[in-house]
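Asks: sequence plus the predicted model coming up.
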Amino acid sequence: MTVRNTVHTITVQASAADVYELISDVTNWPQLFPPTVHAVRVEGTDAQERIRIWARANEGAKTWTSRRTLHPQTRSITFEQDVPAWPVAAMGGTWGIIELGEGRCEVRLTHHYRAVDDLPEHLEWIDRAVEHNSVAELAALKQNVELVTAGQDRGLLSFADTVHVDGDPRAVYDFLNAADLWPDRLPHVARARLTETTPGLQELEMDTRTKDGNTHTTVSIRVCVPNQRIVYKQITLPALMTLHTGAWHITPADGGGVSVTSHHDVLVNEANIGAVLGPQATAADARRYVQQALSANSKATLLLAKQHAESTT
């Protein structure tokens, strides 16, 4: 049985303690690591935990669960997948952060893995995924932690819109889940293509109409939990964004019905502000523009989901 071992490293201008703190909380990962769509802690303690991750891998999306052991004293984290995603037969590794002095540290990410049926084509697929994702994760980690260390704000824009629905949460969820029907249901959606090869894990390609009559194309990976929530990350973004993660949450409301919330986390692409909004536009203008555009579409979707659910009750 072939076992592959890999090592990826990067030097970061930050303390080992700061880097370890960022890596140790997996709920940070969707905003931190480009491949990660969603990550949750399933169970555990401060020393050991079981996590579930949904992430991009090569041309598609995968989900798996891992056992992690955290070592804050040595600033290392070991992990072993207990439910791998095909074609992975087994995978584990270590995050190690080594203090170098003068405010620098080295981050060392190792993997060991085997392929299903020990087939060369399966091993080559895993090789590509590990190489691409490891390089992307370390580069993003360096960029983000160095911004924080330098006292700079990443500029993460977070906001939400909520409506109350006096109806069945299943009808609300069905409306949000069936995004392939949105061109017929939502005025701002010109085209939608939805694929779901793994139950609850969707890829949504969508053309959205803007106020000026143009359209832009986005691609999102969506993690769907029936009648509760849909969490997503855009992997093809509009020109004004470098990050967009979001979620639709359906929760029971006091007095009956449900509260339905659309939440967004966004980073503005400051390099494109002039091209999109004009040479006089500022970062504040761009943040306001992005929030207004996303909020308007969210509110329209929420109100139509409300109408749909209340008319089918």
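Replies: Alright, I've got the coordinates. Numbering: from 1, shown residues only.
Asks: and the lengthiest strand in the chain, what other elements does it pack with?
Replies: Across the chain, the longest stretch assigned as strand under DSSP state E is strand 88-101. Counting contacts by 3 or more CB pairs under 8 Å, 6 or more residues apart in numbering; DSSP states H and E, strand 88-101 is packed against helix 16-24, strand 76-83, strand 104-115. For glycine as for every other residue, the C-beta is placed from the backbone atoms N, C-alpha and C.
Asks: can you rerun that using 10 Å?
Replies: Applying 3 or more CB pairs under 10 Å, 6 or more residues apart in numbering; DSSP states H and E, we find strand 88-101 packed against strand 4-12, helix 16-24, strand 60-71, strand 76-83, strand 104-115, helix 120-149.
Asks: save those as TSV, and put in mean pLDDT too.
Replies: Putting the helices and strands packed on strand 88-101 into TSV (pLDDT from 0 to 100) gives the following:
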stretch	mean pLDDT
strand 4-12	98
helix 16-24	93
strand 60-71	96
strand 76-83	97
strand 104-115	98
helix 120-149	94
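Asks: nearest to Arg191, out of the ones you listed?
Replies: Closest approach to Arg191 among the helices and strands packed on strand 88-101 (CB to CB): strand 60-71, 20.6 Å.
Asks: pairing partners for that closest one, with directions?
Replies: Using DSSP bridges, strand 60-71 pairs in its sheet with strand 48-57 (antiparallel), strand 76-83 (antiparallel).
Asks: quick one: it to helix 120-149, angle?
Replies: Here the directions of strand 60-71 and helix 120-149 differ by 60 degrees (axes from the mean of the first three to the mean of the last three CA atoms, to 10 degrees).
Asks: give the buried residues for stretch 60-70.
Replies: Neighbour-count burial for stretch 60-70, counted by 16 or more other CB atoms under 10 Å, picks out 61-64, 66-68, 70.
Asks: got the CA coordinates for it in CSV?
Replies: Output in CSV follows, covering the C-alpha atoms of stretch 60-70 (Å, rounded to 0.1, in the frame of the first residue of the first chain):
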residue,chain,number,x,y,z
GLY,A,60,-15.2,19.8,-7.0
ALA,A,61,-16.3,20.0,-3.3
LYS,A,62,-15.8,17.4,-0.6
THR,A,63,-16.7,16.9,3.0
TRP,A,64,-15.0,14.8,5.7
THR,A,65,-14.5,14.6,9.4
SER,A,66,-11.3,14.6,11.4
ARG,A,67,-10.1,13.9,14.9
ARG,A,68,-7.7,16.7,16.1
THR,A,69,-5.4,16.8,19.1
LEU,A,70,-4.4,20.3,20.1
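Asks: how distant is it from the center of its chain?
Replies: Stretch 60-70 sits 14 Å away from the centroid of its parent chain (CA atoms, centre = their mean, to the nearest Å).
Asks: hang on, the earlier thing: tell me which of the strands paired with strand 60-71 sits most buried.
Replies: Ranked by mean neighbour count, these are led by strand 48-57 with a mean of 19 (mean count of other CB atoms under 10 Å).
Asks: got the angle for that strand vs helix 16-24?
Replies: Going by the same axes, to 10 degrees, strand 48-57 makes 70 degrees with helix 16-24.
Asks: I'd like to know how many residues surround the closest residue to Glu99 other than its chain neighbours.
Replies: Counting by CB to CB, 6 or more residues apart in numbering, the nearest residue to Glu99 once its immediate chain neighbours are dropped is Ala16, at 4.4 Å. Residues lying near Ala16 (other CB atoms under 10 Å) number 20.
Asks: how much space between Ala16 and Ala305?
Replies: Distance of Ala16 to Ala305, computed by CB to CB, to the nearest Å: 46 Å.
Asks: for His112, same thing?
Replies: From His112 over to Ala305 (counting by CB to CB), the distance is 45 Å.
Asks: do His132 as well
Replies: Look at His132 and Ala305: by CB to CB, they are 36 Å apart.
Asks: those two: who's more crowded?
Replies: Between His132 and Ala305, counted using other CB under 10 Å, the more crowded position is Ala305 (25 against 15).
Asks: spell out for me which residue occupies the centre of this protein.
Replies: The chain has Val37 as the residue nearest its centroid, 2.7 Å off, counting by CA atoms, centre = their mean.
Asks: could you list the buried residues of the one helix or strand it maps to?
Replies: Using DSSP states H and E, Val37 falls within strand 36-44. Residues of strand 36-44 classed as buried: 36-39 (neighbour count, 16+ other CB under 10 Å).
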